[in-house]
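Visitor: Here is my input, please return the structure:
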Amino acid sequence: MSEDIRAAAAKYYDLDPNPLDDVPFYERLILSPQAYVLELGCGTGRVTVPLAASCGYIHGIDRSPAMIAICRPKLEKAKIGAEKVRVDAGDITNFDLARKFDLIIAPYRVMQNLETDREVAGLFECIREHLAHDGSCILNVFNPRRDPESMRREWRVDGEIFCWEMLVDGGKIIHHERRPRMDAAKLVLYPELIYRRYERETLMDEAILKIAMRCYYPGQFEKLIVDYGFQIMNRWGGYQNEMYGQGPELVIQFRL
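Guide: A predicted model of the protein is given here:
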C-alpha cells in the first residue's frame, strides 16, 4: 500500500463543526436488521459506528491506517464486537473479502478521490464482485457549482480560504483550504486541506492534506454507472430529498 497521506491530518478529521448529516439517510436504506453492509472509505468511523446498530454486520475499508487507528477505539468504546463489525486498512479499488453484501456505500465523496480511470474501474469491479444479487450500492459525489468552463477559469485561487476555527483547551485549531492547481483537461481538482493548532498565539502543529477530487456532472455520473453495467434504482440531490441535479450532492443507488 502507498504512503498514508492522511497520517498527519487524521487527528483533526472529526473536529469539523459542520459534519455532513448523511447517517440517517444510510440508516433508512438498510432494509433488514440482519443486512450485511460494506463501507468503502470508512475513515474514522463517522458512519461505521452508528450504522453498526442498524445492521447485522458491517465491514469497513480505508486506505489510511491512521484513520483506522482512530476508528477502532470508537468501536471498542461503543462496545461493538467483532461479530458485528470489522475495519481494515486496504485499497478500495483492489480487494477480495470472499463475501457478498446487501448494501455497499462510500460516504462523503470517497469516489472522487480516485484520480485515474484505472482506479475507477477497479472500484466498480470490486463492487460487482461483492454485491449480493438483490443488493444495492450507493455512491455520491459533489454537484459542481460551476459549468466545466467556469470551473476551469474560477476554481483555482491564490492564497488560503478560511473554513473553520475551533477553540480547544489552551488554544485553537484553524482549518484553511488552498486551491493551487487542477487538471483542466480531466477536471481533477487538487485542493490542500490545512490544519493548524495554536496554544495562545504560538503555532504548535501544522498538517497539510493534499488530495485529488475528480469532478462529475449529473448526466456524466449516471452514464458512468450505467456504462459499467449497473442499473440505476434511485437518485437524489442530497440527503434531505433534494432533486437530483439541483442539490449540493449527486447520490445514486444502483444494483446489478
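Visitor: Low-confidence regions, this protein specifically.
Guide: Within the chain, the stretches with pLDDT under 70 are 1.
Visitor: Kindly confirm my reading that R235 is in a helix.
Guide: No. Assessed with DSSP: H, G, I helix; E, B strand; the rest coil, R235 is strand; it does not lie in a helix.
Visitor: Pretty sure F254 is one of the things it touches, is it not?
Guide: No. Taking contacts as C-beta atoms under 8 Å, R235 lies outside contact range of F254: 9.4 Å. No exception for glycine: its C-beta is placed from N, CA and C like everyone else's.
Visitor: neighbour-wise, which of those two wins?
Guide: Per other C-beta atoms under 10 Å, whichever of R235 and F254 has more neighbours is F254, with 22 against 17.
Visitor: Dig out what the more buried one forms beta bridges with.
Guide: Under DSSP bridges, the beta-bridge partners of F254 are C137, I232.
Visitor: likewise K210?
Guide: Bridge pairing for K210 - DSSP bridges - gives E192.
Visitor: burial of it, as a residue count?
Guide: Count around K210 with other C-beta under 10 Å applied: 13.
Visitor: Make residue 1 into 229 and carry on from there
Guide: Okay, residue one is now 229; in that scheme the one you just asked about reads as K438.
Visitor: which residues sit in contact with it?
Guide: K438 makes contacts with I233, Y418, P419, E420, L421, as judged by C-beta atoms under 8 Å, 6 or more residues apart in numbering.
Visitor: From these, pick the one nearest N341.
Guide: I233 (9.9 Å; C-beta to C-beta).
Visitor: right, and that closest one touches A440 too?
Guide: No. Assessed by C-beta under 8 Å, I233 is found out of contact with A440, at 10.1 Å.
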